[in-house]
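Asker: Give the three-dimensional model of this entry:
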Amino acid sequence: MSNRDAILALKESLCEQIIGQAHLVDRLLIAILADGHLLVEGAPGLAKTKAIKALATGLEGDFHRIQFTPDLLPSDVTGTEIYRPQDSSFVFQPGPIFHNLVLADEINRAPAKVQSALLEAMAERQISVGKYTHQLPPLFLVMATQNPIEQEGTYPLPEAQLDRFLMHVTIGYPDAASEKKILQLARMESMDKQHRDEETAADPIHITQEQIFGARSEILELHMIPDIEEYIVQFTMATRNALAYGDDLASWIEYGVSPRGTIAMDACARAHAWLNDRDFVTPEDVQAVAHDTLRHRIGLTFEAEAKGVTADHIIDELIDRVSAP
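Answerer: The predicted model follows:
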């Protein structure tokens, strides 16, 4: 089985478990293929935790969930040095961040010091404790969640940390048909295992880390013509020089996308094309990932917020106004 076939089989398995959230499943796979981190925003009960746990089950690696609370300490995330009286020495005890897949649940409920503890891990793939630096595993993904409904007692993520996320994904409620399937699936999962037909149970999907790294190499080798690269660059530049694309855009954008946004669009567009069984990148691939890679990197002016203009609306306008090859 090729790397692509294995990943697509995993995607199919995840969609059977995470009903009504195909977009979230797709973005999770893109994030791990593009070697980036994911910020997911959605109401409670939309299978955010279940999605990454199901992904961890299908991958060769370990998973850990960190529930962020106002009383959490940075050492609760990174780990700390513990004194060993038997030999009068300090030994580093790794924290939950030293796993392949990490769920930072309700990340905006923790104070700034705890949020910043993730910054070095996400950007540098390492943790510094005292005078020592500890490397994180090669396969490493942080999925952080935010609840958009309840904002009391939360600490908004600073722009510098938001920029470290490859994508900011927003998810909504499933439709009626999906809701019915969720109800039926929940009922089946609650049944006693002895009543299930083990012979008809499908073999679990298991992707090795070598297959993930192999898929990443294939994605990097995808053909991208210079015109597509120029399209990505012009898309980013339009957020910084918005006046060239309209007075309205200039009045809505306070600051534009950083170079990380350009890199994210390139990486995610490649992964999107690869998942769709193409060995080249099209303008449609770039447009498909534009919202998730840019919505958290565009700063809105007071005028935009007063008029109810969102980053998604601005990106829609940019897709219409920036000439595609």
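Asker: ok but Ser323 is inside a helix, no?
Answerer: No. Counting by DSSP: H, G, I helix; E, B strand; the rest coil, Ser323 is not part of a helix but coil.
Asker: ok, it - how many residues close by?
Answerer: The local packing of Ser323 (other Cβ atoms under 10 Å) involves 8 other residues. From N, CA and C alone the C-beta is placed, and that goes for glycine too.
Asker: just Gln67 next, same as before
Answerer: 11.
Asker: mind checking how far it is from Met224?
Answerer: 40 Å (Cβ to Cβ, to the nearest Å).
Asker: where exactly do the strands run in the protein?
Answerer: Ranges of strands in the chain, per DSSP state E, are 38-41, 63-67, 79-84, 89-94, 101-105, 126-129, 132-135, 141-146, 167-170, 253-255, 299-300.
Asker: quick one: strands adjacent to the fifth one?
Answerer: It refers to strand 101-105. Here strand 101-105 has these sheet partners by DSSP bridges: strand 63-67 (parallel), strand 141-146 (parallel).
Asker: most tightly surrounded among the ones you listed?
Answerer: strand 141-146 (a mean of 25; mean count of other Cβ atoms under 10 Å).
Asker: Excluding chain neighbours, give the residue nearest to Phe235 in space.
Answerer: Leaving aside its sequence neighbours, Phe235 sits nearest to Val322 (Cβ to Cβ, 6 or more residues apart in numbering; 5.3 Å).
Asker: max-length helix in the chain?
Answerer: Secondary structure of the chain per DSSP state H: the longest helix is helix 259-275.
Asker: I'd like the distance from it to the chain centre, please.
Answerer: 13 Å (Cα atoms, centre = their mean, to the nearest Å).
Asker: One more: stretch 230-241?
Answerer: 23 Å.
Asker: counting contacts, what elements does the longest helix of the chain pack onto?
Answerer: Counting contacts by 3 or more Cβ pairs under 8 Å, 6 or more residues apart in numbering; DSSP states H and E, helix 259-275 packs against helix 3-17, helix 22-33, helix 209-220, helix 226-240, helix 283-294.
Asker: and these, which one's lowest on average pLDDT?
Answerer: Of all those, the minimum mean pLDDT falls on helix 3-17 (a mean of 92).
Asker: Now that one: buried residues?
Answerer: Buried residues in helix 3-17, counted by 16 or more other Cβ atoms under 10 Å: 3-4, 6-8, 10-11, 13-15, 17.
Asker: and those as TSV, adding distance to Val40?
Answerer: Putting the buried residues of helix 3-17 into TSV (distance: Cβ to Cβ, whole Å) gives the following:
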residue	distance to Val40
Asn3	25
Arg4	25
Ala6	24
Ile7	20
Leu8	22
Leu10	18
Lys11	17
Ser13	20
Leu14	14
Cys15	16
Gln17	16
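Asker: Adding mean pLDDT, write the strands paired with strand 101-105 out as a markdown table.
Answerer: Listed next are those as a markdown table, based on pLDDT from 0 to 100:
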| stretch | mean pLDDT |
| --- | --- |
| strand 63-67 | 92 |
| strand 141-146 | 92 |
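Asker: what about the closest residue to Ser13 other than its chain neighbours, neighbour count?
Answerer: Using Cβ to Cβ, 6+ apart and skipping residues adjacent in sequence, the residue nearest Ser13 is Ile205, 4.6 Å away. Around Ile205 there are 17 other residues, counting by other Cβ under 10 Å.
Asker: now Ala43
Answerer: 13.
Asker: I'd say the residue nearest to Ser13 and Leu10 touch.
Answerer: Yes. Between Ile205 and Leu10 there is a contact under Cβ atoms under 8 Å: 4.9 Å.
Asker: list residues touching both of the two?
Answerer: Here Ile205 and Leu10 share the contacting residues Gly58, scored by Cβ atoms under 8 Å, 6 or more residues apart in numbering.
Asker: Okay, helices next: where are they in the stretch 51-200 of the chain?
Answerer: Using DSSP state H, counting those that start in this stretch, the helices assigned to the stretch 51-200 of the chain run over residues 74-78, 112-124, 159-162, 176-190.
Asker: Let's have those in a markdown table, adding mean neighbour count.
Answerer: Output for these, formatted as a markdown table (neighbours: other Cβ atoms under 10 Å):
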| stretch | mean neighbour count |
| --- | --- |
| helix 74-78 | 19 |
| helix 112-124 | 18 |
| helix 159-162 | 14 |
| helix 176-190 | 11 |
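Asker: Surely Phe280 is in contact with Glu221?
Answerer: No. Between Phe280 and Glu221 there is no contact, the gap being 10.8 Å when judged by Cβ under 8 Å.
Asker: Of all residues in this structure, which one is nearest the centre?
Answerer: Using Cα atoms, centre = their mean, the residue of the chain that lies closest to the mean C-alpha position is Leu38, 1.5 Å off.
Asker: correct me, but it touches Ala144?
Answerer: Yes. At 7.3 Å, Leu38 counts as touching Ala144 under the criterion of Cβ under 8 Å.
Asker: which one of the buried residues of helix 3-17 is nearest Asp175?
Answerer: Cys15 (14.6 Å; Cβ to Cβ).
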